[in-house]
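Enquirer: Sequence first, predicted coordinates after that:
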Amino acid sequence: MEMIRTIIDSTNNFLWGKNILVIMLIGMAVYASYRTKFMQIRLFGKIVATLKGETTDGEKISSLEAFYLGTACRVGAGNIAGVVAAISVGGAGALFWMWLVALLGASTAFLESVLAVVHREKDKDGNYRGGTPWIIKNRLGKKWIGTIYAIASIICYIGVIQVMSNSVTESVSGAYGVNPKIISVILAIIVAITIFGKSKKDKIVMALNKIVPAMAFLYIAVVLYVILTNLTGIPAMFGKIFSAAFGVDQIAGGALGGVIMQGVKRGLFSNEAGSGNGNYAAALADVDEPVKQGMVQSLSVFVDTLVICSATAFVILLADSNSIQGLNGMVLFQEALKSHIGWIGIPFTVIILFFFSFSTILGVTFYGKNALQYINESSKLNTCYQLLVVWMVYVGGIEQNFFVWSLADFGLGIMTVINIGVICPLVNEAVEYLEKYEQKIKGYVKINP
């Protein structure tokens, strides 16, 4: 056990501590943006339009449902706690670099999702299944590497489930003093009810169809209220963001590198573009063209960072400085929100954090089922995995297991290294689909699904 811990810690120190993953992800994002001629900007109108009128019958998953699934996994407790940490350490300027990373990373999400749709399979029931492991198997013929990626996925998701569960219990317990064990049991029961049982369409997908729009609307509505009641402070806020991002004070103090790194890291690890996570969702969509689903997943990156993360940052940056002086973490966010909307800010934070965390738990559970299906299609094994998920929700809620959290970092790191190594040499293939699609919408050619 000690040897395993040493290997995991050494790997994490190399990939995360030495910023190897940051360099790989930024490099991939810049390259993808260049090769697609910044499609995320040029075709933004088309990207939004791909979600209109997307419906499916029976068990099939629509493009919009795949968008909800991908967004659920990207948007989590980190969109609050992570942004608070980035601003606390890197200042307001960190938000600008988060925006830049999301803008570039959207092209990476596009390319990897196109490839996931192109190289997916159909199961015996006629439903799609796919993701990075299937790209590796069907395009590169290296099934064993796909198996390593799938195992790393499951390791990562088990850790993420514990982190999200702990975020919920800590917020409720901290706000109202409720015993974490009671909260953990309730949360585990809710998760179990949601993920077990059969229906016409996967119950996780059905739940996320309702949760993701509701939580996004609720959060954005409150933040819009905060913005509207602080209109006079908006110019100063943006001035603070841009001046801190490039400011003379930061350069003179040698802190500019820290500002940039905090924003870059938080942006990369929040939107997950480049890790291949979103490929599990993209491959399942019942769409006629791979490019459409690539666009949907790139939009998910925008929503995660440019909308949700920005909303969190605005709440903090527009708050009365006296009310948040010397605070950090979730307490900082709660008090900032309280300064805007009064006492209801505390229960609202608890509610929104529950929605964010719960949707992420459901999303990664669904992803894990797909990863497990690549390794072994046994229904018994899938049931065991779902039981493990419920147990981890309970365990994560009652204690912080830092070894399991390290496993999540380890799994995500291995996934990212493999995924970028796979999609980088296949960029030409995805770009060809994009070029043909652009010709089609101009009326030149027809693409076969």
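Expert: Received the coordinates, thanks.
Enquirer: Look up phi and psi at the residue nearest to residue 43 when sequence neighbours are not counted.
Expert: Leaving aside its chain neighbours, residue 43 sits nearest to residue 295 (7.0 Å; criterion: Cβ to Cβ, 6 or more residues apart in numbering). All C-beta spots, glycine's among them, are computed from the backbone N, C-alpha and C. When quoted as degrees, to the nearest 10, the phi and psi of residue 295 stand at phi -60, psi -40.
Enquirer: I figured residue 295 hits residue 42, correct?
Expert: No. Counting by Cβ atoms under 8 Å, residue 295 does not reach residue 42; the two are 11.4 Å apart.
Enquirer: Who has more neighbours out of the two?
Expert: residue 295 (31 against 12; other Cβ atoms under 10 Å).
Enquirer: check contacts around that one.
Expert: 43, 46, 47, 50, 110 (Cβ atoms under 8 Å, 6 or more residues apart in numbering).
Enquirer: Need phi/psi at the second one.
Expert: As for residue 46, its main-chain torsions (degrees, to the nearest 10) stand at phi -70, psi -40.
Enquirer: doesn't residue 442 make contact with it?
Expert: No. Residue 46 is not in contact with residue 442 according to Cβ under 8 Å; the separation is 11.4 Å.
Enquirer: With neighbour numbers in mind, choose between these two.
Expert: Higher neighbour count among residue 46 and residue 442: residue 46, with 15 against 8, using other Cβ under 10 Å.
Enquirer: number of nearby residues for residue 210?
Expert: By other Cβ under 10 Å, 10 other residues sit near residue 210.
Enquirer: quick one, longest helix in this structure?
Expert: helix 143-176 (DSSP state H).
Enquirer: tell me which residues of that helix are tucked away?
Expert: 145-147, 149-174 (16 or more other Cβ atoms under 10 Å).
Enquirer: so residue 320 touches residue 337, yeah?
Expert: No. Counting by Cβ under 8 Å, residue 320 does not reach residue 337; the two are 11.5 Å apart.
Enquirer: Compare neighbour counts for the two and give me the winner.
Expert: Taking other Cβ under 10 Å, residue 320 and residue 337 do not tie; residue 337 has more neighbours (24 against 13).
Enquirer: wait, isn't residue 278 in contact with residue 109?
Expert: Yes. Using Cβ under 8 Å, residue 278 makes contact with residue 109 at a distance of 5.8 Å.
Enquirer: Name the residues contacting each of those two.
Expert: 297, 300.
Enquirer: would you list every one of the helices in the stretch 101-250 of the chain?
Expert: For the stretch 101-250 of the chain, helices defined by DSSP state H, counting those that start in this stretch occupy the ranges 132-140, 143-176, 180-195, 203-228, 234-246, 248-252.
Enquirer: Correct me if wrong, but residue 319 is in a strand.
Expert: No. Counting by DSSP: H, G, I helix; E, B strand; the rest coil, residue 319 is not part of a strand but coil.
Enquirer: and the gap between it and residue 313?
Expert: 11 Å (Cβ to Cβ, to the nearest Å).
Enquirer: got it, and residue 442?
Expert: Computed with Cβ to Cβ, the distance linking residue 442 and residue 313 is 39 Å.
Enquirer: Likewise for residue 273?
Expert: 19 Å.
Enquirer: which ones are touching residue 120?
Expert: Counting by Cβ under 8 Å, 6+ apart, residue 120 touches 128, 129, 130, 131, 134, 283, 284.
Enquirer: And for it, nearest residue in space, chain neighbours not counted?
Expert: Excluding the flanking residues, the one nearest residue 120 by Cβ to Cβ, 6+ apart is residue 130, at 2.8 Å.
Enquirer: Return the distance of the one you found relative to residue 376.
Expert: Residue 130 is 17 Å from residue 376, by Cβ to Cβ.
Enquirer: Which one's more surrounded, those two?
Expert: residue 130 (26 against 11).
Enquirer: Might one say that the more buried one is in contact with residue 123?
Expert: No. Between residue 130 and residue 123 there is no contact under Cβ under 8 Å: 10.4 Å.
Enquirer: Which positions within the host helix or strand of residue 403 qualify as buried?
Expert: Assessed by DSSP states H and E, residue 403 sits inside helix 402-423. Buried residues in helix 402-423, counting neighbours by 16+ other Cβ under 10 Å, are found at 404-420, 422-423.
Enquirer: Same question for stretch 371-386.
Expert: Residues 371, 372, 373, 374, 385, 386 are the ones in stretch 371-386 that count as buried (16+ other Cβ under 10 Å).
Enquirer: Widest-spaced pair of those?
Expert: Farthest apart among the buried residues of stretch 371-386 by Cβ to Cβ are 374 and 386. That separation is 16.6 Å.
Enquirer: which residue sits closest to residue 109, ignoring its sequence neighbours?
Expert: residue 273 (4.1 Å).
Enquirer: Identify the residues contacting that neighbour.
Expert: Applying Cβ under 8 Å, 6+ apart, we find residue 273 in contact with 25, 29, 105, 106, 108, 109, 112, 301.
Enquirer: let's see it at 6 Å
Expert: If you count contacts by Cβ atoms under 6 Å, 6 or more residues apart in numbering, residue 273 has them with 105, 108, 109, 301.
Enquirer: Equivalent analysis for residue 291, please.
Expert: By Cβ under 6 Å, 6+ apart, the neighbours of residue 291 are 433, 434, 437.
Enquirer: same for the one helix or strand the first one maps to, what does it pack against?
Expert: Secondary structure assigned from DSSP H and E places residue 433 in helix 427-441. Secondary structure elements in contact with helix 427-441, counted by 3 or more Cβ pairs under 6 Å, 6 or more residues apart in numbering; DSSP states H and E, are helix 93-118, helix 290-302.
Enquirer: In a markdown table: those, plus mean pLDDT and distance to residue 223.
Expert: Below are those laid out as a markdown table (pLDDT from 0 to 100; distance: least, Cβ to Cβ, whole Å):
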| stretch | mean pLDDT | distance to residue 223 |
| --- | --- | --- |
| helix 93-118 | 88 | 14 |
| helix 290-302 | 85 | 16 |
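Enquirer: Turn the ones you listed into JSON lines, columns for distance to residue 68.
Expert: Formatted as JSON lines, the helices and strands packed on helix 427-441 follow (distance: least, Cβ to Cβ, whole Å):
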{"stretch": "helix 93-118", "distance to residue 68": "15"}
{"stretch": "helix 290-302", "distance to residue 68": "9"}
